[in-house]
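J.: Predicted structure and sequence below. I'll ask about it afterward.
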Protein chains: 2
Amino acid sequence: MGPVRRDAEATKALILKAARHLLARHAHADITLKAVAERAGVSAPLILKYFGNKDALFARVMSFDSDADALLDAPLSDLGRHMVRHVLASQRERGADPLLRIAFAPLHGDHGDILRANFRAQVTGRLAARLTGPDAGLRAELAVSALVGLGVMYGIARGPHLRDTDVEAIVNRYGPLVQAQLTTEP
Amino acid sequence: MGPVRRDAEATKALILKAARHLLARHAHADITLKAVAERAGVSAPLILKYFGNKDALFARVMSFDSDADALLDAPLSDLGRHMVRHVLASQRERGADPLLRIAFAPLHGDHGDILRANFRAQVTGRLAARLTGPDAGLRAELAVSALVGLGVMYGIARGPHLRDTDVEAIVNRYGPLVQAQLTTEP
């Protein structure tokens, strides 16, 4: 990756960060492309070049798709452990867990409703579609509950024991609990 | 409870709500008693009468003590199920779960740090003190992770399957996972 490509990625990240910041504080409809551009320190046409239009930019900010790709990237038989490891690795390596955006979803207004709908379609619904047996929808929501809670405890509550323990030791302890929602013992 | 006592309780609740609102938006040190009084629609002397002083009021707002009393009010052998039931009942009956305040703790500044310290001392630490065997601190944090995640899924993500399922069915499914962190099978 050359310097030009790297600059483009860094600029896109700045634009997404600015959009996220504004979305956390203002109604979707009240945010102008100009406001995002000013906050990101770029021009509005550059945002159009990278993201197409304002709605496409905001859809990107509110999507869980790319996180879900990584979260769900394991065979069902090992998915519980994989997902626990993924949440912990996100926190340790990136200092954040994109899944946790759902914990900050505003309870009222468009922004929260879009985040909730995306979360259901892209995370819990997608997981449920991989499960067999009864109550797949409920079991997917409970498995994801355990993961979101782990992210809150690590990243927000900053549980000292969780932060001081080796990732694989936590995977061994917590993974089977998540897995119990996904598959039943033979 | 007579009407006078009920009014006092309602007024106290208004004052606590106003303090919570301001604390979510301003630094602790920048909030005056007068601002809390104005927002609650009461006089500053009334706040002093009910809560003593500003620090005592804020300590009350940021305490998990009374929630932890209810959350942990069961014998250890049944505590996993009890805690799951408590989180769901809080959400269904009150539309909120006081434990969830930790999910909104600001990452920077006094307010978040006090909430985090209280959460550790009053919730996870208190639970850990009841556990026997190795890694009690970690096991308590993992059990509480699962509960906080359940609250986020119910109250914020508004998982439709979770909200449509009978409380006891969820207790039967999720309770054993929490319990697995608390006691080991004989």
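T.: Yep, it's here.
J.: Spell out which parts of chain A neighbour chain B.
T.: Counting by Cβ under 8 Å from any Cβ of the partner chain, the residues of chain A close to chain B are A:102-105, A:107, A:116, A:119-120, A:124, A:135, A:137-142, A:144-150, A:152-153, A:156-162, A:165, A:170, A:173-174, A:176-177, A:180-181. Every residue, glycine included, has its C-beta placed from N, CA and C.
J.: Quick one: low-confidence residue ranges for chain A.
T.: For chain A, residues meeting the criterion pLDDT under 70 lie at A:1-6, A:185-186.
J.: If we use 90, what do you get?
T.: Residue ranges of chain A with pLDDT under 90: A:1-9, A:13, A:17, A:20-31, A:53-56, A:58-62, A:66-67, A:93-115, A:184-186.
J.: for it, what spans make up the strands?
T.: Using DSSP state E, chain A contains no strands.
J.: quick one, phi psi at residue A:52?
T.: Torsion angles at residue A:52 (phi, psi; degrees, to the nearest 10) stand at phi 90, psi -70.
J.: Among the residues of chain A next to chain B, which are located in helices?
T.: Among the residues of chain A next to chain B, the members falling in helices (DSSP state H) are A:116, A:119, A:137-142, A:144-150, A:160-162, A:170, A:173-174, A:176-177, A:180-181.
J.: of those, buried ones?
T.: Buried by 16 or more other Cβ atoms under 10 Å in any protein chain shown: A:116, A:119, A:137-142, A:144-150, A:161-162, A:170, A:173-174, A:177, A:180-181, out of these.
J.: Most proximal residue of chain A with respect to chain B?
T.: Nearest to chain B in chain A, going by Cβ to the nearest Cβ, is residue A:149, at a distance of 2.3 Å.
J.: surely that residue meets residue B:156?
T.: No. When contacts are counted by Cβ atoms under 8 Å, residue A:149 is not listed as touching residue B:156 (11.7 Å).
J.: who does the longest helix seen in chain A touch, helix- and strand-wise?
T.: Across chain A, the longest stretch assigned as helix under DSSP H is helix A:3-23. For helix A:3-23, the packing partners by 3 or more Cβ pairs under 8 Å, 6 or more residues apart in numbering or on different chains; DSSP states H and E come out as helix A:33-40, helix A:44-51, helix A:54-61.
J.: do that again at 10 Å, thanks
T.: Packed against helix A:3-23 by the contact rule (3 or more Cβ pairs under 10 Å, 6 or more residues apart in numbering or on different chains; DSSP states H and E) you find helix A:33-40, helix A:44-51, helix A:54-61, helix A:110-119.
J.: wait, which of the ones you listed is closest to residue B:87?
T.: Among these, the nearest to residue B:87 by Cβ to Cβ is helix A:110-119 (19.0 Å).
J.: Show me what that closest one is in contact with.
T.: The contact list for helix A:110-119, computed with Cβ atoms under 10 Å, 6 or more residues apart in numbering or on different chains, reads A:23-29, A:31, A:58-59, A:61-65, A:68, A:99, A:101-102, A:104-107, A:125, A:144, A:148, B:153, B:156-160.
J.: next one: stretch A:16-25
T.: Residues contacting stretch A:16-25 (Cβ under 10 Å, 6+ apart): A:28, A:30-33, A:35-42, A:47, A:50-51, A:54, A:57-58, A:60-62, A:101, A:104-106, A:110-111, A:114-115.
J.: Just the buried ones from those?
T.: Applying 16+ other Cβ under 10 Å to the contacts of stretch A:16-25 flags A:28, A:31, A:33, A:36-37, A:39-40, A:42, A:47, A:50-51, A:54, A:57-58, A:60-62, A:101, A:105-106, A:111, A:114-115 as buried.
J.: Could you find the closest non-adjacent residue to residue A:51?
T.: Excluding its sequence neighbours, the residue lying closest to residue A:51 (Cβ to Cβ, 6 or more residues apart in numbering or on different chains) is residue A:57, at 4.1 Å.
J.: Was I right to think the one you found contacts residue A:33?
T.: Yes. Residue A:57 lies in contact with residue A:33 (Cβ atoms under 10 Å); the separation is 7.9 Å.
J.: and for the two, which residues touch both?
T.: Common neighbours of residue A:57 and residue A:33 (Cβ under 10 Å, 6+ apart) are A:19, A:47, A:48, A:51.
J.: Taking those together, which two end up most distant?
T.: By the measure Cβ to Cβ, A:19 and A:48 form the most distant pair in the shared contacts of residue A:57 and residue A:33, at 13.2 Å.
J.: got any residues that touch both of the two?
T.: A:33, A:54, A:57.
J.: what's the domain layout of chain A?
T.: A:8-61, A:65-182 (automatic domain parsing).
J.: right, so of those domains, which gets closest to residue B:11?
T.: When these are compared by Cβ to Cβ, domain A:65-182 sits nearest residue B:11, at 25.0 Å.
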